[in-house]
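Can you look at this prediction? I've put the sequence above it.
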Amino acid sequence: MKKIIVMIAILLISLPTAMSTTTSINKIQNDPIGTYMFEDFDPLVNVSVTVQINKIRSLEKKDIQIPSNKKIDPIGNPDFYVKVTINEENFTSPIWYDTKYVYDPQWSTTLDVPDDQENVNIKIQLWDWNENGDILCDISPFNYELPDTYEVNLRYSIKTGHWTGDDYCSNDPNDFDPSGYGRLNGCDDGSIYQNDPDCELWFDIYQNDYDNDGIPYWTEVNIFGTDPTIDDRGRDDDNDGVPIEWEYKWGHSFGWHQDFWFYNPFVWEDHATLDPDGDGLTNIIEYQWSDWGTDPFRKDVFVELDVMESSADGTVVCLPIDSEELLYTAFDRQNVVFHLDSGCMGGSDIIPFDEVTDHDELNDIYTNYFLHGDQNNPRRGVFHYGVMVYNAEEAAGYIFRNDAFQISVKGMLDKKQQWLWLNTDVIFASAYMHELGHTFNFNPIPGHDDGCYYPWQIGWWLVGPYKSCMNYRYMYYTVDYSDGSRGKNDFDDWERMDMTAFQGH
């Protein structure tokens with residue numbers, strides 16, 4: 001029977017389009033009762049819906065002491081697993097043992113769903129396995145009706161291939177999903193500085209379609225006026241710099257009574273200047289770096305980390321891997337998603353060893369290893385540049401361009417020798433975050449002078465409320481910027497962060 005329907009559908013599709021895509025969008029938006037709904041939302045295939053887990057991270061911080069009974073895992077690292085419910089059918093992932101960070105889960109689950117029912121109900125839970133009882137981890141936003149809930153509930157539409165609920169897409173600055181579309185953050189319920197089992201989880205939901213372009217049949221026929229038997233990926237009919245599949249994914253949200261389509265792949269839009277989230281990355285840049293998990297309605301920060309050869313005595317000139325994780329956690333908890341292109345795993349672009357690196361040499365490194373001799377390198381204005389050297393001439397760390405800073409490994413190790421009680425990973429991460437902070441143009445910075453460095457200095461006490469790694473009082477043992485909640489002499493770094501300052505040359 002479906003073969004006959006497929007032939008009829010293809011025949012109908014081959015006829016001249018009765019209305020332009022813009023007209024189609026307008027008709028659907030002005031038809032909240034659903035005149036254009038089909039009995040079968042996709043006559044070309046039996047619809048199945050897939051939930052794919054892409055990344056899991058604990059958001060617990062290493063630079064604070066958490067009581068064992070408040071940790072995700074009271075003894076060691078978590079043993080994560082995921083429970084997914086699709087239309088009352090339950091699915092459970094394997095357990096990823098003894099790890100706080102699952103970067104390549106390679107797990108998804110699929111269920112055949114009714115083709116004549118638009119909505120599919122989906123629930124996602126993240127668990128930590130324990131012999132004495134499993135712990136439900138927090139990945140949920142704040143819910144007024146269920147303030148203590150940790151799970152996420154979604155409603156997926158097989159008409160549009162989009163979802164809403166505890167995670168959603170919106171282009172309204174007053175209604176952005178704080179953590180972004182397809183990303184869950186347990187800190188969104190206000191528990192960021194509380195002892196809560198907060199985690200982040202990246203996921204995707206999609207359905208099969210005949211031409212495998214990711215755009216459902218109903219949307220192709222009724223909204224875009226495209227052929228659902230032909231793969232449309234890569235089309236940019238309006239020549240605005242982003243293809244149809246990107247405008248489809250990010251150009252839709254659910255209204256109270258109807259779907260709302262705000263990016264039209266057949267009408268030119270100024271994606272070269274549009275920057276809805278104000279992170280300095282235009283929609284075209286967000287598209288170009290979408291493989292990294294960018295979101296045009298949630299802030300992203302890119303940093304390139306280049307490193308130097310090890311010293312003759314074997315000192316590794318690199319940022320410790322646990323320091324990298326601390327940076328991810330600090331930013332991701334605040335929904336300023338951190339993307340680090342780290343050279344610490346080796347490669348052909350390792351900087352030759354230098355006993356002492358001066359300011360001019362740092363500029364040469366910037367030109368040769370970041371820009372690769374091209375002043376118009378596409379990374380310029382997208383990535384901040386934070387290079388690791390063995391020993392810098394002027395200071396253990398400082399910013400030497402609007403978008404570039406250095407950290408001296410020898411300087412960090414000297415700090416560890418000076419203050420043996422400090423954690424090495426925290427020292428490196430705190431210093432790296434401090435210097436990166438200068439590229440965000442924080443001003444003023446309480447405690448950023450010599451009179452605030454030691455407890456016997458009056459400045460140490462005056463700037464105490466400003467609990468930020470930008471403050472020398474907290475540098476080397478705090479991996480965070482301040483949130484402005486501590487009254488006089490405090491500032492909210494996360495809100496006053498200038499995401500475009502680094503783009504000035």
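Thanks, I have it.

in this protein, which ranges drop under the pLDDT threshold?
1-38, 62-70, 144-147, 346-348, 505 (pLDDT under 70).

Would you mind splitting it into its domains for me?
Here the domain assignment for the chain is 2-42+215-261, 48-207, 299-503, based on automatic domain parsing.

Which parts of the stretch 151-300 of the chain are strands?
152-157, 163-165, 183-185, 199-207, 252-254, 259-261, 300-305 (DSSP state E, counting those that start in this stretch).

C137 is nearest to which of those?
strand 199-207 (4.7 Å; C-beta to C-beta). No exception for glycine: its C-beta is placed from N, CA and C like everyone else's.

Output the contacting helices and strands for that closest one.
In terms of contacts (3 or more C-beta pairs under 8 Å, 6 or more residues apart in numbering; DSSP states H and E), strand 199-207 is packed against strand 48-58, strand 119-128, strand 183-185.

Out of the domains of the chain, which is closest to W268?
Among those, if distance is taken as C-beta to C-beta, the winner is domain 2-42+215-261, at 4.4 Å.

Tell me where the stretch 351-500 of the chain has strands.
383-389, 397-401, 404-408.

could I get the strands of the stretch 151-300 of the chain as CSV with distance to P141 and mean neighbour count?
Output for those, formatted as CSV (distance: least, C-beta to C-beta, whole Å; neighbours: other C-beta atoms under 10 Å):
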stretch, distance to P141, mean neighbour count
strand 152-157, 8, 19
strand 163-165, 10, 19
strand 183-185, 8, 25
strand 199-207, 12, 21
strand 252-254, 16, 20
strand 259-261, 21, 19
strand 300-305, 19, 22
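
so what's the residue positioned nearest the centre of the chain up against?
With distances taken as C-alpha atoms, centre = their mean, the chain has V337 as the residue nearest its mean C-alpha position (3.9 Å). Listed by C-beta atoms under 8 Å, 6 or more residues apart in numbering, the contact set of V337 reads G180, R183, G293, D295, R298, K299, D300, V301, F331.

Mind picking the two most distant members of those?
R183 and V301 (14.5 Å).

what's around S290, how many residues?
Neighbour count for S290, taken as other C-beta atoms under 10 Å: 16.

Now do the buried residues in stretch 173-189.
The neighbour-count check on stretch 173-189 (16 or more other C-beta atoms under 10 Å) flags 176-177, 179-189 as buried.

With only the CA atoms kept, save that stretch in PDB.
Provided in PDB are the C-alpha atoms of stretch 173-189 (Å, rounded to 0.1, in the frame of the first residue of the first chain):
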ATOM      1  CA  PRO A 173      16.300  37.100  23.300                       C
ATOM      2  CA  ASN A 174      13.900  37.100  26.200                       C
ATOM      3  CA  ASP A 175      13.200  33.400  25.700                       C
ATOM      4  CA  PHE A 176      16.600  31.900  24.700                       C
ATOM      5  CA  ASP A 177      17.100  28.400  26.000                       C
ATOM      6  CA  PRO A 178      20.000  29.200  28.400                       C
ATOM      7  CA  SER A 179      21.900  26.000  27.800                       C
ATOM      8  CA  GLY A 180      21.100  25.900  24.000                       C
ATOM      9  CA  TYR A 181      19.300  23.500  21.700                       C
ATOM     10  CA  GLY A 182      20.300  19.900  22.200                       C
ATOM     11  CA  ARG A 183      22.300  20.600  25.300                       C
ATOM     12  CA  LEU A 184      21.100  20.100  28.900                       C
ATOM     13  CA  ASN A 185      22.700  21.800  32.000                       C
ATOM     14  CA  GLY A 186      21.800  20.800  35.500                       C
ATOM     15  CA  CYS A 187      23.000  24.200  36.700                       C
ATOM     16  CA  ASP A 188      20.100  25.900  34.900                       C
ATOM     17  CA  ASP A 189      17.900  25.400  38.000                       C
END
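
before we move on, back to that, if the residue nearest to the centre of the chain is in a bridge, with which residues?
Per DSSP bridges, the residues bridged to V337 are D300.

the helices in the stretch 251-400 of the chain, which residues?
Along the stretch 251-400 of the chain, the segments classed as helices by DSSP state H, counting those that start in this stretch run 283-288, 321-333, 359-365.

Now render those as TSV, adding distance to V84 and mean neighbour count.
Shown next, in TSV, are the helices of the stretch 251-400 of the chain (distance: least, C-beta to C-beta, whole Å; neighbours: other C-beta under 10 Å):
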stretch	distance to V84	mean neighbour count
helix 283-288	28	21
helix 321-333	22	21
helix 359-365	47	16
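
Need those helices in JSON lines (columns: distance to N46).
Listed next are the helices of the stretch 251-400 of the chain as JSON lines, based on distance: least, C-beta to C-beta, whole Å:
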{"stretch": "helix 283-288", "distance to N46": "32"}
{"stretch": "helix 321-333", "distance to N46": "38"}
{"stretch": "helix 359-365", "distance to N46": "57"}
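
possible to save the domains of the chain as JSON lines with distance to V267?
Formatted as JSON lines, these follow (distance: least, C-beta to C-beta, whole Å):
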{"stretch": "domain 2-42+215-261", "distance to V267": "6"}
{"stretch": "domain 48-207", "distance to V267": "15"}
{"stretch": "domain 299-503", "distance to V267": "26"}
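
which one of the ones you listed lies closest to P276?
Nearest of the domains of the chain (C-beta to C-beta): domain 48-207, 6.0 Å.

G182 touches Y206, doesn't it?
No - between G182 and Y206 there is no contact under C-beta atoms under 8 Å: 10.4 Å.

Surely V84 and K123 touch.
Yes - V84 is in contact with K123 according to C-beta under 8 Å; the separation is 7.1 Å.

show me the contacts for the residue nearest to E435 when sequence neighbours are not counted.
Excluding the flanking residues, the one nearest E435 by C-beta to C-beta, 6 or more residues apart in numbering is F405, at 3.8 Å. Contacts of F405 were listed using C-beta under 8 Å, 6+ apart, and they are H384, Y385, G386, V387, G397, Y398, I399, E435, L436, H438, T439.

Let me know the closest of these to I139.
Nearest member of the contacts of F405 to I139, counting by C-beta to C-beta, is L436, at 26.9 Å.

can you pull the contacts of the closest one?
Contacts of L436 by C-beta under 8 Å, 6+ apart are V303, H384, G386, F405.
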